[in-house]
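Chemist: after the sequence you'll find the predicted model.
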Amino acid sequence: MKLFDPANKELKKCTKIAEAVVALENKYKALSDDELKAKTVEFKERLNKGETLDDIMIEAFATAREASTRVIGLTPFKVQIIGAAAMHFGNIAEMKTGEGKTLTSVLVAYLNALTGKGVHIVTVNEYLASRDAKEMGEIHNFLGITVGLNLRELEPDEKRAQYNCDITYSTNSELGFDYLRDHMVLYKEQMVQRPEMNFAIVDEVDSILIDEARTPLIISGGEKKGANFYLQSNTFVRGLKEEDYEIDVKDRHVTLLESGMAKAEKFFNVENLYDMKNVGLVHYINNALRANYIMEKDKDYVVHDGAVVIVDPFTGRLMVGRQWSDGLHQAVEAKENVQIKKETRTLATITYQNYFRMYHKLAGMTGTAKTEEEEFRNIYNMFVVEIPTNEPVIRIDDPDLIFRSMKAKYQAIALDIKARHEKGQPVLVGTVSIESSELLSNLLKRHGIPHNVLNAKQHAREAEIIAHAGEKGAVTIATNMAGRGTDIKLGEGVVELGGLAVIGTERHEARRIDNQLRGRAGRQGDPGYSRFYLSAQDELMIRFGGERFERLLGMIANPDVDGNETPLESKMFSRFVESAQKKVEGSNYDRRKSVVEYDEVLRKQREIIYNQRKDILFLDDMEPTIHKMMHSVVSRYIPTFMIDDKKNSVVDATRFMNEFGLKYFNRNDLSIEEIEGLNQNQLEELIENKFHQNLEEKKKAVPLEIFQEFLKVVLLRVVDKYWMDHIDQMSDLRQSIGLQSYAQINPLREYQEIGYQTFNDMIATINDEVTLTVNRAILRENLQREEQAKVTGTNAGNSETTKRKPIVNKNKVGRNDPCPCGSGKKYKHCCGMNEK
């Protein structure tokens, strides 16, 4: 640890707090159950009188610690109290596997729940959320703290009840989607989350805030056309030769070369492929290239029941119902010749980076975060505090073994597993893909070694397989640390055999993932063993080999006549591998940072629109909002109708009436005689007064409640419609902006400037549309709020938005009456078109 590392300072501060909590142990043991429960009421009263959470922290931790002892029979260790304190101060507690992160979270959750503002405990899947809510909830309930469990299957009313609890357990994706759905509802009563995002404790924080940071949450709806383009692009790409494109293995990117561009222009009959008008076509081709030459079946995805299902690259789990965005999923479907799902419009989207940065306080816990500390500090403003282990780690971590060929490597792994299995030592083998897990499985079958395979195809048996992975003689093959979040406990007699042996079949891109695999062995002071087997044909070696790697490879002896290899065990090679991993980590960090920079533009815009939407839902009086919009329209357009006369600039009355008057006013509301000879100030005052006068007349014509509902209906329809269009525009802009770099233009700056102008144009259009509709609409009592596009799903599965029951239509609209939506058309040619 660095001498002046701020995290070191945090650790010392938290250690003193933990010592003070432990010192209160006997005092709190002496309390009766009722006296211990009464502490919760006492703490809340003290907070109401002005004390802070920091003031009561030591006593609150001592209370929750004693409650844990009485309710579930587990007393948090001093190191767990240190971790809880670190998280209370908004840091990440790095606690090794088996050190009891779940119990640690109880202390900090209890303390922060005392404010009544809500605490969210975030897990990577619903199994863990359900387990922790049930087991840890017993402690909180004992102390009078309510605990909720937010599951994907719940109805809005049920979700609202869970969010209103003092502590809510949920997955990261469900929290994000609920946030987006809350900003699409038609009535404030349909919102499920609390208005204030108070405090979130993120379990496996590196998985959620690092690994999934570049994956946006997307709620989709409506439909786009384009299935034929995917099929045509796939046909074109499959007809290319190797000299037509270039694959960047390092960055997983494919680029058309000059000959490929010429073939594309001929195939699609376009003059210049990279003309701005062909941006959409280039996007289809690029997706087809990625689908065919980068995306690998049984590694990146599987084909299951005639559908392409994504494999989580970090856990190996099947992500059923989830889709890659921007058309990549459809391109892979075209490649695999399965039914192409209709590409949908993005109705709402947010990244985890921007979602979690909205919390007033954010904390996390994981076994592996130190290697990503710079990113946590720069993007989330969190330090990583390394929490000491309760017992010394006695696991043996042997150096890597390096082979020339993958075949020799797997043979050596199989022999190692066989030797350990024969003596009864349990073995956990970590692979990076489904393909390699099945290859090794077949090898073990030939050796007659019984084993379990845990990858995306065996997802349903995950908990059961992991529960038995530490038993005598167990051999478990796990892809990308599937089963993370569940401890592997050693069976009877395993300690004497050396504990769990962990074998890695190749290094991952990030050192952190390797550390996670190692950390499954040697928990809580148990013995354990780990070693990685590498080959020159591993993906990491191929991507980052280079000349230095070739020189190191020369140190490995050639195979003997039987094909057997003598592996190399070299610290120099291990340093080379670590250097390659650091390069990947740096490259991935730059990409995630770039996502933040680009998404910052949409974040600010989303904030403005969502705040405006909240005002529409929650404010009783919408007139001031309408007045501002009307003023904006007047200020924007009136100056454009003035005749430039140095002495006295007056309105071009004829042009004004044709282009503005007849658009915004009914014929009897404004005459040319009223405006002739007026200067700019006079005309602006007249038009605003006319707008306000029309609004006042509508207000008098119906009950006030109906009038305000009318304004809300118009605002919601218009804001939602143009915001959804804007999201599409920003997505298209993001895809096309990369072409600007060829013209020596900074793409980010260009995106910011064009995005800013596009947003301002959208706001102006919203003001125009609202002013026009409000001014010309005929008020009736049958207006209803309605969705501008039907939600068809999310990129984490299907989801439906519950629709409020419509207001009963008391006065039926005649088919020849003006449509109440304000379009100016007859009802039978507008909203009543489908009525018979």
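Modeler: Arrived safely. Residues are numbered from 1 along each chain as shown.
Chemist: how many neighbouring residues does Ala62 have?
Modeler: Each residue near Ala62 was counted by other CB atoms under 10 Å, and the total is 24. Bear in mind the C-beta positions are built from the backbone N, C-alpha and C, glycine included.
Chemist: cool, and Gly470?
Modeler: Residues near Gly470, counting by other CB under 10 Å, number 23.
Chemist: quick one: contacts for the most centrally placed residue in the chain?
Modeler: With distances taken as CA atoms, centre = their mean, Tyr352 lies nearest the centre of the chain, 3.6 Å away. With contacts defined as CB atoms under 8 Å, 6 or more residues apart in numbering, Tyr352 is in contact with Asn172, Gly176, Ile208, Leu209, Glu212, Ala213, Thr215, Leu217.
Chemist: and for the fifth one, the neighbour number?
Modeler: What that stands for is Glu212. As a burial measure, the neighbour count of Glu212 was computed by other CB under 10 Å and equals 20.
Chemist: separation between it and Lys27?
Modeler: Between Glu212 and Lys27 the computed distance is 44 Å (CB to CB, to the nearest Å).
Chemist: Leu683 touches Val651, doesn't it?
Modeler: Yes - the criterion here is CB atoms under 8 Å, and Leu683 meets it with Val651 at 5.2 Å.
Chemist: re earlier: report pLDDT for the residue nearest to the centre of the chain.
Modeler: Looking at Tyr352, its pLDDT reads 92.
Chemist: and the one 3 residues further on, by the same measure?
Modeler: The per-residue pLDDT reported for Tyr355 equals 95.
Chemist: again, but for the one 5 residues further on
Modeler: Listed pLDDT for His360 reads 97.
Chemist: give the contact list for it.
Modeler: Neighbour list for His360: Glu196, Met197, Asn198, Phe199 [criterion: CB under 8 Å, 6+ apart].
Chemist: ok, 6 Å please
Modeler: His360 makes contact with Asn198, according to CB atoms under 6 Å, 6 or more residues apart in numbering.
Chemist: now swap in Asp397 and tell me
Modeler: Shown here is Asp397, whose contacts under the criterion CB under 6 Å, 6+ apart are Ser530.
Chemist: now swap in Thr366 and tell me
Modeler: Taking CB under 6 Å, 6+ apart as the criterion, Thr366 is in contact with Glu204, Val205, Asp206.
Chemist: now for the longest helix along the chain, which elements pack on it?
Modeler: When the chain is scanned for its longest helix (criterion: DSSP state H), the result is helix 571-618. Packed against helix 571-618, as judged by 3 or more CB pairs under 6 Å, 6 or more residues apart in numbering; DSSP states H and E, are the following elements: helix 352-356, helix 704-737, helix 747-776.
Chemist: how far off centre is that helix?
Modeler: Distance of helix 571-618 from the chain centroid (CA atoms, centre = their mean, to the nearest Å) equals 11 Å.
Chemist: what does stretch 172-188 give?
Modeler: Counting by CA atoms, centre = their mean, stretch 172-188 is centred 13 Å from the centre of its parent chain.
Chemist: dump it to PDB, restricted to CA.
Modeler: Only the C-alpha atoms of stretch 172-188 are listed here, as PDB (Å, rounded to 0.1, in the frame of the first residue of the first chain):
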ATOM      1  CA  ASN A 172     -28.800  -3.700 -10.800                       C
ATOM      2  CA  SER A 173     -30.800  -4.100 -14.000                       C
ATOM      3  CA  GLU A 174     -34.200  -4.000 -12.300                       C
ATOM      4  CA  LEU A 175     -33.300  -0.800 -10.500                       C
ATOM      5  CA  GLY A 176     -32.300   0.800 -13.700                       C
ATOM      6  CA  PHE A 177     -35.300  -0.300 -15.700                       C
ATOM      7  CA  ASP A 178     -37.700   0.800 -12.900                       C
ATOM      8  CA  TYR A 179     -36.000   4.200 -13.100                       C
ATOM      9  CA  LEU A 180     -36.600   4.400 -16.800                       C
ATOM     10  CA  ARG A 181     -40.200   3.100 -16.600                       C
ATOM     11  CA  ASP A 182     -40.900   5.700 -13.900                       C
ATOM     12  CA  HIS A 183     -40.100   8.400 -16.400                       C
ATOM     13  CA  MET A 184     -42.500   7.000 -19.000                       C
ATOM     14  CA  VAL A 185     -45.600   6.600 -16.800                       C
ATOM     15  CA  LEU A 186     -48.700   8.600 -17.500                       C
ATOM     16  CA  TYR A 187     -49.700   9.200 -13.900                       C
ATOM     17  CA  LYS A 188     -47.600  10.000 -10.900                       C
END
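Chemist: how about it: buried residues?
Modeler: In terms of neighbour count (16 or more other CB atoms under 10 Å), stretch 172-188 has its buried residues at 172-186.
Chemist: swap in stretch 493-511?
Modeler: 494, 497-511.
Chemist: now stretch 409-424
Modeler: Within stretch 409-424, the residues that qualify as buried by neighbour count (16+ other CB under 10 Å) are Lys409, Tyr410, Gln411, Ala412, Ile413, Ala414, Asp416, Ile417, Arg420, His421.
Chemist: wait, the last one sits on Ile449?
Modeler: Yes - taking contact to mean CB atoms under 6 Å, the distance of 5.4 Å between His421 and Ile449 places them in contact.
Chemist: between these two, what contacts are shared?
Modeler: When contacts are counted by CB under 6 Å, 6+ apart, His421 and Ile449 have Val475 as shared neighbours.
Chemist: on the pLDDT front, check Arg548 for me.
Modeler: For Arg548, the pLDDT comes out at 65.
Chemist: for stretch 637-653, which outside residues touch it?
Modeler: Residues lying outside stretch 637-653 but in contact with it, judged by CB under 6 Å, 6+ apart, are Phe656, Ile672, Ile675, Glu676, Gly677, Leu678, Asn679, Gln680, Leu683, Glu684.
Chemist: list only those of those residues flagged as buried.
Modeler: Members of the contacts of stretch 637-653 that pass the buried threshold by neighbour count (16+ other CB under 10 Å) are listed as Phe656, Ile675, Leu678, Leu683, Glu684.
Chemist: host element of the first one?
Modeler: This means Phe656. Secondary-structure element containing Phe656, defined by DSSP states H and E: helix 653-656.
Chemist: what's the burial count for Thr371?
Modeler: Residue neighbour count, defined by other CB under 10 Å, stands at 19 for Thr371.
Chemist: so is it in a helix, a strand, or just coil?
Modeler: Reducing the assignment at Thr371 to three states with DSSP: H, G, I helix; E, B strand; the rest coil gives helix.
Chemist: touching, it and Arg512? I think so.
Modeler: Yes - under the contact definition of CB under 6 Å, Thr371 touches Arg512, with a separation of 5.0 Å.
Chemist: average pLDDT for stretch 679-690?
Modeler: When the per-residue pLDDT values of stretch 679-690 are averaged, the result is 94.
Chemist: cool, stretch 104-123 as well?
Modeler: So the average pLDDT for stretch 104-123 ends up being 97.
Chemist: residues of it that come out buried?
Modeler: 104-115, 118-123.
Chemist: can you list the neighbours in contact with that stretch?
Modeler: Among residues not part of stretch 104-123, those counted as contacts by CB under 6 Å, 6+ apart are 43-44, 53, 57, 60-61, 64, 80, 83-84, 87-88, 129, 136, 139, 145, 166-169, 171-172, 194, 196, 198-203.
Chemist: how far does the host helix or strand of Asp416 sit from the chain's center?
Modeler: Taking DSSP H and E as the criterion, the element that holds Asp416 is helix 406-423. Here the centre of mass of C-alpha atoms in helix 406-423, compared against the chain's by CA atoms, centre = their mean, lies 39 Å away.
Chemist: ok, now stretch 761-773?
Modeler: Averaging C-alpha coordinates over stretch 761-773 and over its chain gives two centres that are 32 Å apart (CA atoms, centre = their mean).
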